[in-house]
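[1] Pasted the sequence and its predicted model underneath.
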Amino acid sequence: MAGTAGPTAADFYAVNRGGGLFSEAVSQRIGARIAVFAHKRRLAPTVLTVANLGLSCLVSFVVVAAAQPIADGRVWAWPVGLLALLGWQFAYALDCSDGQLARVTGQAGPAGGRVDVLCDVAAQIALVAALSAMAEAQVPATPAWLLAAFAGTWMVNLVTSVMQTGSQAASMVTSRSLPVRVVKLVRDYGAVIALAGVVLTVAPQGTIWVVGAFTLINGAFLAASIAFAGREALRG
């Protein structure tokens, strides 16, 4: 796979784990180039994992801190939104790159996998806090139950992604046709955080609609997943 000069971006991209139409076209490709950079500097995959965590949390902290000043008109929304758009995307590319680097260089292992999942959980908690803070600042009447439901259902994608490995892996919709993949963009993490970043940049008052929409989408997917898994279990 790797030539004498070391693995290329194509080598790293070839072992990517997908993530959806947007992630494969953008995030995983950027991740492959990060993996090349990291390999040349002898960085361990876990370094990229921790870098993803640090950047994600830093960007989310800035959004949380700026939420009320933006709502009050004391701070422009677009610089904060642009930071979120680019920062979260680059952090996700780091998350893509650590697995690519580990698989190509033979450094994949259970310990690294656990660190990766735990860092993903922490990064997504920070992102949920950022979007919730912006929604509540823009619409003070936002009900607490909606933010709680948003936080809970947001983790459905991460949980189901972890479950899509090993002998128990299964998918409700296996088609990779373009129309199906376009519909699945609502569960493509790269596409979702891109949408969130765009909303924060151009219309932060719309964050409440992002919160509401993805609460419904992820809640519906959770219900469908339970039904699908239950049916398969009953079939034995």
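    Received, thanks.
[2] Next, the buried residues of stretch 208-217.
    I208, V210, V211, F214, T215, I217 (16 or more other C-beta atoms under 10 Å). All C-beta spots, glycine's among them, are computed from the backbone N, C-alpha and C.
[3] Angles on the backbone of the fourth one, please.
    With angles defined as degrees, to the nearest 10, F214 shows backbone torsions of phi -80, psi -20.
[4] In contact with G81: list those residues for me.
    When contacts are counted by C-beta atoms under 8 Å, 6 or more residues apart in numbering, G81 is found next to G197, V198, V199, L200, T201, V202, P204.
[5] among the residues you listed, which ones are buried?
    G197, V198, V199, L200, T201, P204.
[6] pLDDT, distance to L86 and secondary structure for the residues you listed - can I get that in a markdown table?
    Shown next, in a markdown table, are these (pLDDT from 0 to 100; distance: C-beta to C-beta, whole Å; DSSP: H, G, I helix; E, B strand; the rest coil):
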| residue | pLDDT | distance to L86 | secondary structure |
| --- | --- | --- | --- |
| G197 | 98 | 7 | helix |
| V198 | 98 | 11 | helix |
| V199 | 98 | 14 | helix |
| L200 | 98 | 11 | helix |
| T201 | 98 | 10 | helix |
| P204 | 98 | 16 | helix |
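[7] tell me which of those is nearest to G73?
    P204 (11.3 Å; C-beta to C-beta).
[8] okay, the residue nearest in space to the middle of the chain: pLDDT?
    Against the mean C-alpha coordinate of the chain, by C-alpha atoms, centre = their mean, the closest residue is Y189 at 3.9 Å. At Y189, the pLDDT value in this model is 94.
[9] same check, this time on A126
    97.
[10] Check the contact between it and F61; I expect there is one.
    Yes - A126 is within contact range of F61, at 7.1 Å (criterion: C-beta atoms under 8 Å).
[11] of those two, who's got more company?
    A126 (20 against 13; other C-beta atoms under 10 Å).
[12] helix, strand or coil for the more buried one?
    helix (DSSP: H, G, I helix; E, B strand; the rest coil).
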